[in-house]
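**Q** pasted the sequence and its predicted model underneath.
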Amino acid sequence: MAKTDLRNFDYRKVAHYDSDMWRAYYNHQFLKMTVLLLKTIRSQLGLNWWLTVRLAFYSGWAATDYRLRKGNENYDRILKNLVKFYKIISNNCTDSFDYKKAAELELEWWNIHRYPNKFKKSLDQSLAEAAATMYSTNPAKLKDYAKYRGEAMLLPNHEGDDQPNPPDYNKITDILIKSWGSLHKAVNEKA
């Protein structure tokens, strides 16, 4: 099977999927979130169905576990699933990366987003470092991606849509298009 180039992705489609996944996540619609993960992985990575299902399973399980256990997170289990997720990606892309570090940095930005007062590192910095690990680039190149993604992350209410003023997911999607577009441009620029 041909390996996938992580730099070759439809940033608009990823932004829409990302926004839809966040909405499902915050509304505890974990089956819907996993289906969206399947669609994202399949359309953007072009991996076979076996690998696509495994990736959606590991990432979906990690996200669901994290969401449902706020204040009582099982970090070992969550990290184990994230490591499996990133290992499969690293093994099946044209430019492998440190998948353990990528998993640790993913969990780090989840924690910074959830518990910002516990960390000295900013959400933007953590997001840039996580993406830089996958793309083997300098985090400074990804500052716009991280800034926009961090901005979008602050908009959803963690209580979901069942409230008087639900989040504006059209606005979130627009910001995510800027974020993923910035990442696409940065990782495809010639040095």
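**A** Cool, the structure landed.
**Q** could you report the pLDDT at D161?
**A** Among the per-residue scores, D161 shows a pLDDT of 72.
**Q** which of the three states applies to it?
**A** Of the three states, D161 takes coil according to DSSP: H, G, I helix; E, B strand; the rest coil.
**Q** next, count neighbours for it.
**A** For D161, the count of nearby residues is 14 (other C-beta atoms under 10 Å). Every residue, glycine included, has its C-beta placed from N, CA and C.
**Q** which residues are in contact with I175?
**A** I175 sits next to Y148, R149, E151, A152, L155 when contact means C-beta atoms under 8 Å, 6 or more residues apart in numbering.
**Q** if we go to 7 Å?
**A** Applying C-beta atoms under 7 Å, 6 or more residues apart in numbering, we find I175 in contact with Y148, E151, A152.
**Q** element containing the first one?
**A** Translated: Y148. Per DSSP states H and E, Y148 falls inside helix 143-153.
**Q** now do the lowest-mean-pLDDT helix or strand in the chain: distance to the chain's middle.
**A** Within the chain, no helix or strand scores below helix 30-45, which has a mean of 92 by mean pLDDT, DSSP states H and E. Relative to the centre of its chain, helix 30-45 is centred 12 Å away, using C-alpha atoms, centre = their mean, to the nearest Å.
**Q** now do stretch 150-165
**A** The answer for stretch 150-165 is 17 Å, by C-alpha atoms, centre = their mean.
**Q** ditto for stretch 155-167
**A** 20 Å.
**Q** which of the residues in stretch 134-151 are buried?
**A** 134-135, 137, 139, 141-151 (16 or more other C-beta atoms under 10 Å).
**Q** ok so, going back, and the least confident helix or strand of the chain, which residues are buried?
**A** 30, 33-42, 44-45.
**Q** if we can go back for a sec, packing partners for the helix holding Y148?
**A** helix 123-135, helix 169-188 (3 or more C-beta pairs under 7 Å, 6 or more residues apart in numbering; DSSP states H and E).
**Q** okay, those, which one's buried deepest?
**A** helix 123-135 (a mean of 22; mean count of other C-beta atoms under 10 Å).
**Q** show me what that helix is packed up against.
**A** Using 3+ C-beta pairs under 7 Å, 6+ apart: helix 123-135 touches helix 99-114, helix 143-153.
**Q** rewinding a little: how about JSON lines for the helices and strands packed on helix 143-153, with distance to D98 added?
**A** As requested, the helices and strands packed on helix 143-153 are exported to JSON lines (distance: least, C-beta to C-beta, whole Å):
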{"stretch": "helix 123-135", "distance to D98": "6"}
{"stretch": "helix 169-188", "distance to D98": "16"}
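**Q** just to revisit the earlier point, quick one: residues in contact with the least confident helix or strand of the chain.
**A** Contacts for helix 30-45 (C-beta under 7 Å, 6+ apart): 4, 9-10, 13-14, 17, 20-21, 24-25, 47, 52-53, 55-56, 59-60, 63-64.
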